Structures are given as C-alpha cells and as structure tokens.
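[1] Got a sequence here, can you model it:
(one chain, ligands or ions: 1)
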Amino acid sequence: MSAPFVTRFAPSPTGRLHRGHAFSALTAHAAARAAQGRFLLRIEDIDATRCRPEYEAAILEDLAWLGLTWEQPVRRQSEHPADHQAALDRLAARGLLYRCFRTRREIAQAIASAPHGAMETWRGGPLPADEEARRLAAGETFAWRLHLDAALATLEAPLTFREEGAGPKGETSLILARPELGGDVVLARKDVGVAYHLAVTVDDALQGVTHVIRGQDLFEATHVQRLLQALLDLPEPVYRHHRLLTGPDGKRYAKRDRAQTLAELRAAGVTPQALRAEMGF
Ligand code: GLU
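    So this is what the prediction gives:
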C-alpha cells in the first residue's frame, strides 16, 4: 500500500473566493487525486470580527461550482477551542509563552523605531515579573506570544522541512526552517483567544494532514509552523508551496479584486470548465 496522502484547502470566510483561491484549491485537489489520497476542506473562522457565515456558504457554493468534492464533516476552526487551548497550555507549561500587553500599534512603533533593520519582527520577550503582575492587577488585556529565544533553546538540532517539487528537476528539497522570520509570534490574540499559526498547526496535525499544499505567500508561515510542530511533538507534513497567480497587471489576486471573484466570473458567463482549463486543470 502506498503511503497515506491527506491534503486540505483552508480558506478563511472573510470574503468571496477569487481566482487565486480557485488555483490553490484545484492544485491541492488534483494532488490528492493523483496520489489517490484524501482532500479535506477546513474553514478557518477563528476571527469572529472578520469572518461571516454568508462567506462560508459562498465558499462551499464556489468550490462545488468548480467541480470539487471534499470529505465530510468539514472542520470549522471556531468549533474547536479546547484543542487549541490544550496546545497553548502545553507551550505555557514548558515556559515558552509570555503575556504581551502591547497593542499592535505599539509593536509596530517599537519595530519602526529600532535601529535601522535591527528588528523586522517583534522579539520583545517577557516583561519583568513585577511589571507583568502590576498590569494584570490593573486588568489590562494581553495576547500570548511565543518566546522565540526560549523555544529555540529547546531544540537539539536545526529544524528543516521538506518542500516537494522545489529542486531544479522537481525533486524534494530540504529547507532550513527559520522561525525567526516570525519573531515572537502571537499564538493567542487578545480578542480571539487563539491565533492563526497555532490553530493551523494544531488542526493540520489533528486532521492527519500529510501534505500542506498552499500558495507561496504562506512560505514564511511554514517556518513558524514547523517550529510549533517540533515544540508540540506533532508530525511533520511535507510542503508544496505553489506559484501565485497574477492578473494582467502582474499583481497577484487578492480579495480586493472584486471583479475576479468566482461569483463574478460565474455571473459573467465563465464556465468552471473554462476556468479550470485556463489554470491548467
Ligand atoms: N486560512 C489561510 C488563508 O486563507 C490559509 C491557511 C493555510 O493554508 O495554512 O490564507
């Protein structure tokens, strides 16, 4: 029997899907087919301030229109806070998290005012205990951040990840993970209780995802997520970061390009067959 192959498409219901999403979903779906593997859909809806149920319904409609099928049940991230909390607790117990009381704006200012290029991402580390106690007592809200220096110190060897198809002949490359690209990432937001990197890492593991197939725009995220996998003793998936589609202006598609949503294309009479063919599927 061949090795299991489980991949997923994990959109956030914060807007309508556009061509770029279609390409991503088709890429993962085709890979699962080619490997006689499984294709999962995960709805990344932890950010209640930006996600809307109507966008989720539209995602299902658009993907079905594209001709994709996926396994049931669909995992909705917001329905699994206990799974995410368990991972946070584990990191906290290892002394790898700290409370951050700063606002996003304060963090951005601190980074901007650091000597030129000295700090691209936040690596502030924990506050002195007395200041933390004072701010907690004052009822200030906080996010939980990964203490990167402490996390890196627990590793016995540099971390790597496998990127399929990255070599000049399409072979697999071993890439050195550079979690410092993310700095002390936020793992639990003040408002939401969990943050993107933690939820994705935990959910990929719980869903048995063996192949993370997603756009090149999430390449840096992989460096951070690889570290979280190691810290949480989770299995290591293989990665494929696919190219990003660009529009006629050479820029990649984004949610702001309303005319390129699948709904608009459909309304303009584009057929799923035509769209798939245009994208090489
Ligand atoms: N939910 C993320 C997004 O829509 C993708 C997460 C992932 O593929 O790991 O950008």
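
[2] Residues contacting the least confident helix or strand in the chain by mean pLDDT, please?
    Of the helices and strands making up the chain, the lowest-confidence element is helix 104-113, at a mean of 88, by mean pLDDT, DSSP states H and E. For helix 104-113, the external contacting residues (CB atoms under 8 Å, 6 or more residues apart in numbering) are 100, 102, 119-122, 124. In this view, the C-beta of every residue, glycine as well, is placed from N, C-alpha and C.

[3] Return the member of those nearest to V200.
    Among the contacts of helix 104-113, T121 lies closest to V200 (CB to CB), at 17.9 Å.

[4] Could you report the separation of the closest residue to that closest one other than its chain neighbours from the ligand?
    Leaving aside its sequence neighbours, T121 sits nearest to G183 (CB to CB, 6 or more residues apart in numbering; 2.9 Å). G183 sits 19 Å away from the ligand, going by CB to the nearest ligand atom, to the nearest Å.

[5] Look up phi and psi at G183.
    For G183, the backbone dihedrals (degrees, to the nearest 10) come out as phi 70, psi -150.

[6] max-length helix in the protein?
    helix 19-34 (DSSP state H).

[7] Figure out how far it is from the centre of its chain.
    Centre-to-centre, helix 19-34 and its host chain are 16 Å apart (CA atoms, centre = their mean, to the nearest Å).

[8] and the very next helix or strand once past it, what's its mean pLDDT?
    Heading C-terminal from helix 19-34, the first helix or strand you meet, by DSSP states H and E, is strand 38-43. Confidence for strand 38-43, expressed as mean pLDDT, is 98.

[9] swap in stretch 23-34?
    Per-residue pLDDT over stretch 23-34 has a mean of 97.

[10] wait, isn't the residue nearest to T121 in contact with E120?
    Yes: assessed by CB atoms under 8 Å, G183 is found in contact with E120 at 7.5 Å.

[11] quick one: which of these two has more around it?
    Shown here are G183 and E120; by other CB atoms under 10 Å, G183 has more neighbours (19 against 11).
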